[in-house]
Structure formats: structure tokens, C-alpha cells
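1. Fold the following, please.
(one chain, ligands or ions: 1)
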Amino acid sequence: MTDITQQTAYDDNNIFAKMLNGDIPYHKVYEDDKTLAFMDIMPQAEGHVLVIPKQKAVDLADLEAKYAAAVLMTCKKVMQAQRQVFEREGITQMQLNGAQAGQTVFHYHVHLIPSSIHELGRHAVTQADSDKLADMAKQLATAIEN
Ligand code: 5GP
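-> The predicted structure is shown next:
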């Protein structure tokens, strides 16, 4: 019988690990020594950003304190930039632990979505236009820098 309390093992070939290794492209919003922030390719609202640690963590259970702190500080930067760029106060912060919760990429990440929880689009369903994602990433990166 499968023990559902056991989490998935970290897979070095997961899509976010490949991004961190520079193997696949993404629209970067921000990067420092412990975190990376980029546009979600299947956003649940315009301006949906993901923040990941540069640590091999599947979910919250694995996350080391120094990476947890760094992820939150990057989330603050991104959220402030989203407020500025999208001219709205409401930013939903979301994070899924385990397939049973709906997690689909097993490298810990925080979703920052310029949307009300009541108006979120469907999770990881509709691919966004790459040029629009590139433009938003640029605007958010500029807002963080300034
Ligand atoms: P989870 O379901 O694990 O909480 O969220 C995974 C997120 O990663 C989803 O929102 C999904 O749209 C996003 N995602 C999946 N594949 C890719 C990809 O190749 N590039 C980017 N930028 N986002 C992805």
C-alpha cells in the first residue's frame, strides 16, 4: 500500500531544476544567490510569478531556514513590483505541498498572483503568449531594480 504521508523524492530532472541549470528558457523577473523568480508559463491571472529557492527541496518539509527566509524576501520584492506594475493592491500568495494538494512541479515554489482568491483562473492549464510574458518580466524586473 502506498504511504500517502511520504513525499515524492527530489528529481534532478524536474522542470525548475532544469531552469536553475540553464537547460531550458524562462522569463526572469529577479535572481540572487539563493532564489530565482520568473513568469509562470500557464498563469492563473496576468502577472503570475513563481519564486523558487536554489535548494533541492520538493516542498515545505524540505526547505532550509536560510532558503525559506530568502524566498520570502524575494516574494516581498516581487509582490511590491506587481502592485506597482499592475496597479492593484491584491496579490494572492499560494504554495502547494504534495500531489494531493495539486502540486505538479516537485521543486518548492511560491505562486504570487495578481488576483483575488475568488477570481483565480484554472491551475496550470492555459499557456500564455511568450512575448507578453517577456514584456511583463521586463516591467517587473525594472520595478524591482528601482
Ligand atoms: P504547482 O502545481 O507545482 O504548484 O505549480 C507549478 C506551476 O509551474 C504551475 O503554475 C505551472 O503553470 C508552472 N509551470 C509548469 N511548467 C512550466 C514551465 O515550463 N515554465 C514555467 N515558467 N512555468 C511552468
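
2. in this protein, which spans are strands?
-> Along the chain, the stretches classed as strands by DSSP state E are 28-31, 35-39, 49-53, 92-94, 110-113.

3. Could you list every helix and strand that the last one packs against?
-> To tie it back to what came earlier, the one meant is strand 110-113. Strand 110-113 is packed against strand 49-53, helix 65-86, strand 92-94, with contacts defined by 3 or more C-beta pairs under 8 Å, 6 or more residues apart in numbering; DSSP states H and E. The C-beta positions use only the backbone N, C-alpha and C, and glycine is treated the same way.

4. what's the most buried one of those?
-> Comparing those by mean neighbour count (mean count of other C-beta atoms under 10 Å), strand 49-53 comes out on top with a mean of 25.

5. And the contacts of it?
-> Residues from elsewhere that reach strand 49-53, judged by C-beta atoms under 8 Å, 6 or more residues apart in numbering: 16, 19-20, 29, 34-40, 63, 67-68, 70-71, 74-75, 78, 82, 107-113, 140.

6. Correct me if wrong: residue 110 contacts residue 75.
-> Yes - the pair residue 110 and residue 75 passes the contact test of C-beta atoms under 8 Å, sitting 5.5 Å apart.

7. so what sits against both of these two?
-> With contacts taken as C-beta under 8 Å, 6+ apart, the residues that reach both residue 110 and residue 75 are 51, 93.

8. So what's the residue count around residue 145?
-> The number of residues packed near residue 145 is 9, by other C-beta atoms under 10 Å.

9. filter the contacts of strand 49-53 by proximity to the ligand?
-> Subset of those in contact with the ligand: 38-40, counting by C-beta under 6 Å from any ligand atom.

10. how close does the residue most central in space within the chain get to residue 59?
-> Of all residues in the chain, the one closest to the mean position by C-alpha atoms, centre = their mean is residue 50, 1.4 Å from it. Going from residue 50 to residue 59 by C-beta to C-beta, to the nearest Å gives 14 Å.
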